[in-house]
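Peer 1: below are the sequence and a predicted model for it; my questions follow.
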Amino acid sequence: MELVGIEIVEDRTAQSRPDQGFLRVSRLTVQNRYDDGSTSQPYACDVVRRRRSDAVVAVLFERDANGRPVVLLREAARVPIYLRKDATPVHPDPREYRTIFELVAGMVEDDDPTGLPGRAQRSAAEAHEEAGLDLPPTAFRDLGGETFASPGITDEKLYFLVAETPLEGAHLGDGDGSVMEEWGRIHRMDLGDAIRACRTGEVPDMKTEVGLLRLADAIGFVPQLDCYLADLPAEVRARHTRLGIEVDA
């Protein structure tokens, strides 16, 4: 079954308050306070929040028979991106974004534990929901520090985690039960190809590019040279400093 488009059945904007719905918008007037006791002129600031502000990004990968890293990406519909076709952006899009490729990701739930155990538990749950993979939380490790998704608009914070696991049995999971997630596909891509797809705009998702680059650094894979650090001369390896954690086998 192919997804051919998304249509708006009803626009509820005029009948909805900004503190209702999946996203809550706070329309604030704020001012800066300085250490000399002075303040700035008041200015307007809108803040977009969900009921939960933390999300995990699960980087799932395997190494093929030749040792090359292969990653799992999920293809899904994203309404805000699709509706750009009806907007008037400064740079009009050359294509229609019916679907987009992304890493597995999801919002942290209220009953998830705090710290790494909670992030790992949520990552395992999302891997099952979105990719049909049954992994224990202990399979996941933090992949560097957290980052804000769009700090000028929202307080959503992304936590990147990684798990190495066979991907052959991955399939579209049951999702979270919402209609939004009833359509999707699972793709396995060579890590270097996936990073290039992010750079060319074929995969225009920032969290995915960040997660893939962090994975490459963590396993010592150099996408620009299409090889591992271990394949390079010793003098080159000696000058290299990894920027994140290491998950070498």
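Peer 2: Yep, that arrived. Residues are numbered from 1 along each chain as shown.

Peer 1: C-alpha from now on. contacts and neighbour counts both.
Peer 2: Fine.

Peer 1: and the spatially most central residue of the chain, what element?
Peer 2: Nearest residue to the geometric centre of the chain (Cα atoms, centre = their mean): Lys207, 3.9 Å. Assigned by DSSP states H and E, Lys207 belongs to helix 206-219.

Peer 1: can you check Glu235 too?
Peer 2: Going by DSSP H and E, Glu235 is in helix 234-238.

Peer 1: average model confidence for that helix?
Peer 2: Mean pLDDT, helix 234-238: 89.

Peer 1: before we move on, what about stretch 208-215?
Peer 2: For stretch 208-215, mean pLDDT rounds to 98.

Peer 1: change the start of the numbering to 158 and stick with it
Peer 2: Got it, first residue is 158 now, which makes that one stretch 365-372.

Peer 1: contacts for that stretch, please.
Peer 2: Residues from elsewhere that reach stretch 365-372, judged by Cα atoms under 8 Å, 6 or more residues apart in numbering: 214, 216, 259-260, 300-301, 317, 319, 348, 351-352, 355-356, 401.

Peer 1: returning to that earlier point: name the next helix or strand downstream of the helix holding Lys364, please.
Peer 2: From helix 363-376 onward toward the C-terminus, using DSSP H and E, the following helix or strand is strand 378-379.

Peer 1: and the next helix-or-strand element following that following strand, which strands flank it?
Peer 2: Proceeding N to C from strand 378-379, the next assigned helix or strand is strand 384-385, under DSSP H and E. Sheet pairing here is set by DSSP bridges, and for strand 384-385 it gives strand 378-379 (antiparallel).

Peer 1: kindly export stretch 320-327 (C-alpha atoms) in PDB.
Peer 2: Listed next in PDB are the C-alpha coordinates belonging to stretch 320-327 (Å, rounded to 0.1, in the frame of the first residue of the first chain):
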ATOM      1  CA  ALA A 320      22.300  -0.400  20.200                       C
ATOM      2  CA  GLU A 321      24.100  -2.900  17.900                       C
ATOM      3  CA  THR A 322      21.700  -5.700  16.900                       C
ATOM      4  CA  PRO A 323      20.800  -7.900  13.900                       C
ATOM      5  CA  LEU A 324      18.400  -5.900  11.700                       C
ATOM      6  CA  GLU A 325      17.300  -8.700   9.300                       C
ATOM      7  CA  GLY A 326      14.200  -9.400  11.300                       C
ATOM      8  CA  ALA A 327      13.200  -5.700  11.600                       C
END
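
Peer 1: what does that stretch rub up against?
Peer 2: 215-219, 229, 288-290, 296-298, 343, 345.

Peer 1: with stretch 222-235 instead?
Peer 2: Identification of contacts with stretch 222-235 by Cα under 8 Å, 6+ apart yields 216-221, 255-261, 287-288, 324, 337-338, 340-348, 351.

Peer 1: now these: which count as buried?
Peer 2: Neighbour-count burial (16 or more other Cα atoms under 10 Å) applied to the contacts of stretch 222-235 gives 216-220, 255-261, 287-288, 324, 338, 340-341, 343-345, 347-348, 351.

Peer 1: alright, calling it a day.
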